[in-house]
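**Student:** All I have is the shape, not the residue letters:
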């Protein structure tokens, strides 16, 4: 017994999306394993500040868990805007991260 054509016709995009999902799930080796190279972590506050201390504790544990090196770099100045701006202008590949307060995050371009 087959389903009438009228049951499938209202949802052609749903069927297409489902087929695309199955195809994407079938080829997991096509994606790059993250992280495949060291991660760059920029701290826009001075060394020894609360943000610096918390960031170093968190990202040391993260590096151990990911089994990948995380390079921590302090880029201070302009109330955090220099470091945050450097991250905003970096390639959007997920390998440059920033931790800080809301001020520079909201104002950097």
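**Tutor:** Nice, thanks for sending it over. The model shown is predicted, which means the values in this text are computed figures rather than measured ones.
**Student:** right, and residue 101 touches residue 50 too?
**Tutor:** No: look at residue 101 against residue 50 with Cβ atoms under 8 Å: they stay out of range, at 9.8 Å. No exception for glycine: its C-beta is placed from N, CA and C like everyone else's.
**Student:** Of the two, which one has the most company?
**Tutor:** Counted by other Cβ atoms under 10 Å, residue 101 and residue 50 do not tie: residue 101 has more neighbours, with 14 against 9.
**Student:** how close does that one get to residue 54?
**Tutor:** 11 Å (Cβ to Cβ, to the nearest Å).
**Student:** and what of residue 45?
**Tutor:** Distance of residue 45 to residue 54, computed by Cβ to Cβ: 10 Å.
**Student:** Looking only at neighbour counts, state which of the two leads.
**Tutor:** With neighbours defined as other Cβ under 10 Å, residue 45 and residue 54 compare such that residue 45 has more, 21 against 12.
**Student:** Could you pull up the contacting residues of the nearest residue to that one once chain neighbours are set aside?
**Tutor:** Closest residue in space to residue 45, ignoring its immediate chain neighbours: residue 51 at 4.3 Å, by Cβ to Cβ, 6 or more residues apart in numbering. Each residue near residue 51 by Cβ atoms under 8 Å, 6 or more residues apart in numbering is listed here: 43-45, 99-101.
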